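>>> Could you work out the structure for the sequence below:
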Amino acid sequence: MRFGGAETGAAGARGVGSLANQRVWGWGRQPVGETELRRPERLRDLYAAVSGEGTALARGLGRSYGDASFNSAGTTILMERIDRYVDFDPSAGVVECEAGVTIDDLVRHFVPRGFFPPVVPGTKHVTMGGAIASDIHGKNHHKDGSLARHLLDFELLTASGDIVTCSRDENPDLFWATLGGMGLTGVVTTLRMQMTPVASAYVEVDIDRAPDLDRTLELFHESDENYRYSVAWVDGLAGGRSLGRSILMRGNPAPSGDGRGLDVKRRKERSVPKIFPAALLNRTSVKAFNTLYYRRHPRQARGAVQHYEPFFFPLDAARDWNRLYGKRGFTQYQCVLPYEGGRDGLARILEFVRRETRGSFLTVLKRFGPGEADSPLSFPMPGYTLAMDIPWRGAALESALERIDAIVIELGGRVYLTKDARLSAESLRAMYDRLDEWLAVKRRVDPESRFVSDLGQRLGLVA
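All right, here's what the predicted structure looks like:
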């Protein structure tokens, strides 16, 4: 049986019974931890799991890339069955649900009713509890911000066993510390969120092919404000005059009509074999794919109509696509650089990764709008955000990424903790200048550090 990123031999466990110690990992398949897994069926079981002895951490579907979703020091609580809907107000578009409800659940239930989640990441296989812990962002951040902007309130199970309502007006410091707080302030049980009305399940997409980084950024800035959604696929292995060449895909929600309804099309997901020959995924094969992918797109196309599935969740077409990197796995390095100095910073990072590592096999570039000023650990800030998937190769890669950290710190940027697997506590403090505010809330609401993750211990977020 598979628990998010964990593949175990346990099966058929119910209630809050222990599944014994199991090996677990995140989506990057490294690092690996060992933890006691508990899987509550209902909220009352969740309360019992948290009230036990030792440390605990809530885990959704294991789609954070590194060590954020497991607790090798104690218990990891699987939240996938805490997934019931509480209420929906169609006149206001407000949904109330438990934290184990996923983006996929929301899309399947509410697109036919004319609503779409306000913010979605690059995969639909994310629980809403995990989305809050990461304060997720999407292709529309430059217009609509992160999840925090659309969240009305949530209930938080704290270390004391109390259920605390958190909103902008009620316990606001805990509300903002939990958004982006990586699950270390408590366990979200239920939440209320504002959904976005849509007239169809489709997006009208404009496509531009950019020959280099400068043209990519020009296109972003020329007309991004005309689009709700904006993203660029970047050829992470191209260098020289082609450094940063990309395919920009920008779109707006499509109106209904001409066959564009509120239909939920379920794609047949292909499965990647559990034992995949990682040697097939190498610089030569990826470089050939990138060249083909770049050239098969037109220099310019307007008004292409795409269903939401391939536009928002292209990689979900391949189930367990992380297996393509083999048993050693990979790391995703995602950073944001302020606009001032950002262009040169992007060029330095892209060239460094291309030259000093095996290269980024998947590279994505987006623009951020204003971040959440009240949230100490929320990732987005105005600037360019670059995400790179790099095959893991141990200490050599760690050393290379530390040099990229230095560039990010120099320019006043930061790394996304949901994707991180190896950042140092010193670098974290240099990137997040309001860390002490977050730590003060953590100490107040969890003075004995009951909520612990491997990431939290590595970064000094828990005592």
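
>>> so where do the strands sit in the stretch 151-300 of the chain?
Counting by DSSP state E, counting those that start in this stretch, the stretch 151-300 of the chain has strands at residues 151-157, 163-167, 187-194, 196-197, 202-210, 229-234, 246-253, 270-271, 300-307.

>>> Now Val441: which helix or strand?
Here Val441 sits within helix 435-445, counting by DSSP states H and E.

>>> quick check: mean pLDDT across that helix?
The pLDDT scores in helix 435-445 average 98.

>>> what's in contact with that helix?
Residues outside helix 435-445 that contact it (Cβ atoms under 8 Å, 6 or more residues apart in numbering) are 158-159, 173-174, 177, 181, 184-186, 376-377, 428-429, 432, 449, 461-463. Heads up, the C-betas are built off the backbone N, CA and C, glycines and all.

>>> what's the answer for stretch 386-398, then?
Here stretch 386-398 has contacts from 28-30, 234, 236, 278, 281, 325, 328-337, 346, 349-350, 353, 357-365, 416, 419, 422, using Cβ under 8 Å, 6+ apart.

>>> Which positions in that stretch come out as buried?
For stretch 386-398, burial by neighbour count (16 or more other Cβ atoms under 10 Å) applies to Leu386, Ala387, Met388, Asp389, Ile390, Pro391, Trp392, Leu397.

>>> Just give the nearest non-adjacent residue to the second one, would you?
The reference is to Ala387. Nearest non-adjacent residue to Ala387, counting by Cβ to Cβ, 6 or more residues apart in numbering: Gln334, 4.0 Å away.

>>> Are we agreed that that neighbour is in a strand?
Yes. The assignment for Gln334 by DSSP: H, G, I helix; E, B strand; the rest coil puts it in a strand.

>>> Please tell me I have it right and it contacts Lys419.
Yes. Gln334 lies in contact with Lys419 (Cβ atoms under 8 Å); the separation is 4.5 Å.

>>> In terms of neighbours, single out the busier of those two.
Lys419 (24 against 21; other Cβ atoms under 10 Å).

>>> Now that we have the contacts of helix 435-445, which of them are buried?
Using 16+ other Cβ under 10 Å, the buried ones in the contacts of helix 435-445 are 158-159, 173-174, 177, 181, 184-186, 376-377, 428, 432, 449, 461-462.

>>> And the helices in the protein?
With helices called from DSSP state H, the chain shows them at 43-50, 103-110, 128-134, 141-144, 172-178, 213-223, 283-296, 308-312, 342-356, 395-410, 425-431, 435-445, 454-458.

>>> deepest of the ones you listed, which one?
When you average the neighbours per residue for each of the helices of the chain (mean count of other Cβ atoms under 10 Å), helix 128-134 leads with a mean of 28.

>>> Let me have the helices of the chain in CSV, adding distance to Cys166 as columns.
Output for the helices of the chain, formatted as CSV (distance: least, Cβ to Cβ, whole Å):
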stretch, distance to Cys166
helix 43-50, 16
helix 103-110, 20
helix 128-134, 10
helix 141-144, 21
helix 172-178, 4
helix 213-223, 35
helix 283-296, 43
helix 308-312, 28
helix 342-356, 33
helix 395-410, 30
helix 425-431, 24
helix 435-445, 10
helix 454-458, 19
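
>>> Which of the ones you listed sits closest to Glu96?
With Cβ to Cβ as the criterion, Glu96 lies closest to helix 128-134 of the helices of the chain, at 10.7 Å.

>>> ok, the residue nearest to Val234 when sequence neighbours are not counted - how many residues close by?
Spatial nearest neighbour of Val234, excluding adjacent residues (Cβ to Cβ, 6+ apart): Thr363 at 4.1 Å. A count of nearby residues for Thr363, using other Cβ under 10 Å, gives 25.

>>> Over to the one 5 residues further on?
By other Cβ under 10 Å, the residues close to Phe368 number 21.

>>> what pairs with Arg59 across the strands?
Leu78 (DSSP bridges).

>>> Can you verify my assumption that it contacts Leu78?
Yes. Arg59 sits in contact with Leu78 when judged by Cβ under 8 Å, with a separation of 5.7 Å.

>>> quick one: which of these two has more around it?
Set Arg59 next to Leu78 and count neighbours by other Cβ under 10 Å: Arg59 wins out with 31 against 23.

>>> can you list the domains in this structure?
As given by automatic domain parsing, the domain ranges for the chain are 85-198, 202-421.

>>> and Leu37, which of these is closest to it?
Smallest distance to Leu37 across the domains of the chain (Cβ to Cβ): 14.7 Å, for domain 85-198.

>>> picking up where we left off before, possible to save the domains of the chain as CSV with distance to Gly74 and mean pLDDT?
Putting those into CSV (distance: least, Cβ to Cβ, whole Å; pLDDT from 0 to 100) gives the following:
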stretch, distance to Gly74, mean pLDDT
domain 85-198, 13, 98
domain 202-421, 20, 93
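
>>> got those domains as CSV, with distance to Pro40 columns?
Below are these laid out as CSV (distance: least, Cβ to Cβ, whole Å):
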stretch, distance to Pro40
domain 85-198, 9
domain 202-421, 23
